[in-house]
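In: pasting the sequence and the predicted coordinates here, then a few questions.
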Amino acid sequence: MAETVGSLADKISIIQLKIFHMRQQLERPDASEDHKAACAAKLEVMAVQLKDLEDEMTQLVSDVAAGRVKLKIYRQFKMYNDPRYRTGAPR
């Protein structure tokens, strides 16, 4: 499984922000008609992308609830800012 609930939630929140700001562009009184048309076309694409992500999230949650998919926990092993991983550091 390439996507996780968290990664899908992240992508959904990002596309929602893009949609919000693109709608603001449509409402700008100083925007040209060409600009507004380009923004409207982008909004149509973003709406499809949002629906796809929402459908994928629904399917994933359904699969987890039904036991068809088991979520994995990926541990973080960060090495930066840890003196144990620096050259010449005492071991």
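Out: Sure thing, it's come through.
In: which of the residues in the helix or strand containing Ala41 are buried?
Out: Using DSSP states H and E, Ala41 falls within helix 33-65. Across helix 33-65, burial judged by 16 or more other CB atoms under 10 Å covers 39, 43, 46, 50, 53, 57, 60. For every residue, glycine as well, the C-beta is placed using N, CA and C.
In: where in this protein is pLDDT low?
Out: 1-2, 89-91 (pLDDT under 70).
In: which residue lies nearest the spatial centre of the chain?
Out: Lys11 (1.2 Å; CA atoms, centre = their mean).
In: in three-state terms, label Lys78 for me.
Out: With DSSP: H, G, I helix; E, B strand; the rest coil as the basis, Lys78 sits in coil.
In: how much space is there between it and Ser7?
Out: Lys78 sits 19 Å away from Ser7, going by CB to CB, to the nearest Å.
In: the more surrounded of those two?
Out: Set side by side, Lys78 and Ser7 show more neighbours around Ser7, with 12 against 7, by other CB atoms under 10 Å.
In: list every C-alpha atom in stretch 49-69, with coordinates, as PDB.
Out: Output of stretch 49-69 as PDB, limited to C-alpha atoms (Å, rounded to 0.1, in the frame of the first residue of the first chain):
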ATOM      1  CA  GLN A  49      -8.100  15.400  -7.700                       C
ATOM      2  CA  LEU A  50      -9.900  16.100  -4.400                       C
ATOM      3  CA  LYS A  51     -12.700  13.600  -5.300                       C
ATOM      4  CA  ASP A  52     -10.100  10.900  -6.200                       C
ATOM      5  CA  LEU A  53      -8.200  11.500  -2.900                       C
ATOM      6  CA  GLU A  54     -11.500  11.400  -0.900                       C
ATOM      7  CA  ASP A  55     -12.500   8.100  -2.700                       C
ATOM      8  CA  GLU A  56      -9.100   6.600  -1.900                       C
ATOM      9  CA  MET A  57      -9.400   7.600   1.700                       C
ATOM     10  CA  THR A  58     -12.800   6.100   2.000                       C
ATOM     11  CA  GLN A  59     -11.600   2.900   0.400                       C
ATOM     12  CA  LEU A  60      -8.600   2.700   2.600                       C
ATOM     13  CA  VAL A  61     -10.600   3.200   5.800                       C
ATOM     14  CA  SER A  62     -13.200   0.700   4.600                       C
ATOM     15  CA  ASP A  63     -10.500  -1.900   3.900                       C
ATOM     16  CA  VAL A  64      -8.900  -1.300   7.300                       C
ATOM     17  CA  ALA A  65     -12.200  -1.600   9.100                       C
ATOM     18  CA  ALA A  66     -13.000  -4.800   7.200                       C
ATOM     19  CA  GLY A  67      -9.600  -6.300   8.000                       C
ATOM     20  CA  ARG A  68      -8.600  -6.400   4.300                       C
ATOM     21  CA  VAL A  69      -5.700  -4.100   5.000                       C
END
